[in-house]
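Undergrad: Based on what follows, work out the 3D shape:
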Amino acid sequence: MGLKKFTTDVVKEGKRVRWPKAEVLIPSIVVVLVISFLTGLILFGEDALGKALIDILKNNTK
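TA: Numbers count the residues shown, from 1 in each chain. I've put the predicted structure just below:
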């Protein structure tokens, strides 16, 4: 399969897709961004807590 045929097929499939309306798409994007931000905060907190615990354990063994 050549690059030209592949590109043509991708464009053809892209035209067949039923893209969501802006009224549906924008709230979905907001939900994804909020969940991603909250997940990042949780992971940051877990990482900071883990580092603090490791530092405490290192200080107690000396």
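Undergrad: Near Val31, how many other residues are there?
TA: Other residues near Val31 come to 10 when the count uses other CB atoms under 10 Å. (C-beta placed from N, C-alpha, C; glycine too.)
Undergrad: Where does it fall, secondary structure wise?
TA: Using DSSP states H and E, Val31 maps to helix 22-61.
Undergrad: how much space between Phe6 and Gly14?
TA: The gap separating Phe6 from Gly14 is 13 Å, by CB to CB, to the nearest Å.
Undergrad: Oops, could you answer that again for Thr7 instead?
TA: Distance, Thr7 to Gly14, using CB to CB: 11 Å.
Undergrad: Please apply the same query to Ile35.
TA: Distance from Ile35 to Gly14, by CB to CB: 27 Å.
Undergrad: What number of residues are in the vicinity of Leu43?
TA: Leu43 is flanked by 10 other residues according to other CB under 10 Å.
Undergrad: same check, this time on the one 3 residues further on
TA: Applying other CB under 10 Å, we find 10 other residues in the vicinity of Glu46.
Undergrad: Run through this protein and note the low-pLDDT ranges.
TA: 62 (pLDDT under 70).
Undergrad: center of it - which residue?
TA: Compute the mean C-alpha point of the chain, and by CA atoms, centre = their mean the closest residue is Ser36, 5.9 Å away.
Undergrad: need the contact list for that residue.
TA: With CB atoms under 8 Å, 6 or more residues apart in numbering as the criterion, no residue contacts Ser36.
Undergrad: what about it, distance to Ile42?
TA: On the measure of CB to CB, Ser36 and Ile42 end up 11 Å apart.
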